[in-house]
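Colleague: the following block contains a protein sequence and its predicted model.
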Amino acid sequence: AQSVSQHNHHVILSEAASLELGCNYSYGGTVNLFWYVQYPGQHLQLLLKYFSGDPLVKGIKGFEAEFIKSKFSFNLRKPSVQWSDTAEYFCAVNDNTDKLIFGTGTRLQVFP
Amino acid sequence: DAGITQSPRYKITETGRQVTLMCHQTWSHSYMFWYRQDLGHGLRLIYYSAAADITDKGEVPDGYVVSRSKTENFPLTLESATRSQTSVYFCASTSGWADEQYFGPGTRLTVT
């Protein structure tokens, strides 16, 4: 069965530090990839998505992610985090079925 | 206003009781989903529906029942609540299975 791994469970950074959150998936075929964000007390919302084309995807709030097919990875990056980026981040994969498989999430805390 | 709503937002119930969580969306999206969010597990799919009167099991369906008589509603029923069903429940909808899912605000359920 398809699985999604987020190895960073809890990340603590200072403002202006660079961020990279890992995401690996297990399916070897065509995939659609997503990063969702959940700010404290709020529902999940889409940060960015990859369906095809340029493997470097830009999302909202300065986030980007790179799809590396050979590594089954879709890591999330931001060059300079802000306190307002404190949230939980979920990677999700759709392997051309009806369902979206989520990773366990990474909690990011950014201190001023 | 257009969107996806869940009710109640908070619920405390006793073991063995039946409880129904409601989900309503105004976009006429074909697909609707129920997830539970638990620490260390991320989001896990309980049930989903591709259209009215079509439902299917997700990863953790045991103890739950769903129905979808109308496109806009997708209620989730816990027939006999157990403490292990204490969780935050999110409903989501999308127009196509590979598209972005839009999440509701969640229902925090506590089973005592």
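Modeller: Here it is on my side, so go on.

Colleague: what about chain B, any weak spots by pLDDT?
Modeller: Residue ranges of chain B with pLDDT under 70: B:1-2.

Colleague: biggest strand in it by residues?
Modeller: Longest strand in chain B, counting residues (DSSP state E): strand B:42-51.

Colleague: ok, and for that one, which residues are buried?
Modeller: In terms of neighbour count (16 or more other CB atoms under 10 Å in any protein chain shown), strand B:42-51 has its buried residues at B:42, B:43, B:44, B:45, B:46, B:47, B:48, B:49. C-betas here are computed from N, CA, C, even on glycine.

Colleague: out of the residues you listed, which two sit at the greatest distance?
Modeller: Spanning the widest gap among the buried residues of strand B:42-51 are B:42 and B:49, at 21.3 Å by CB to CB.

Colleague: returning to that earlier point: what does the longest strand of chain B contact?
Modeller: Contacts of strand B:42-51 with the rest of the structure, by CB atoms under 8 Å, 6 or more residues apart in numbering or on different chains, involve A:6, A:44, A:90, A:98-105, B:30-38, B:55-61, B:64, B:66, B:68, B:71, B:74, B:76, B:89-90, B:97.

Colleague: now, of these, which are buried?
Modeller: Using 16+ other CB under 10 Å as the burial test, the contacts of strand B:42-51 include A:6, A:44, A:90, A:98-105, B:30-37, B:55, B:58-61, B:64, B:66, B:68, B:71, B:74, B:76, B:89-90, B:97 as buried.
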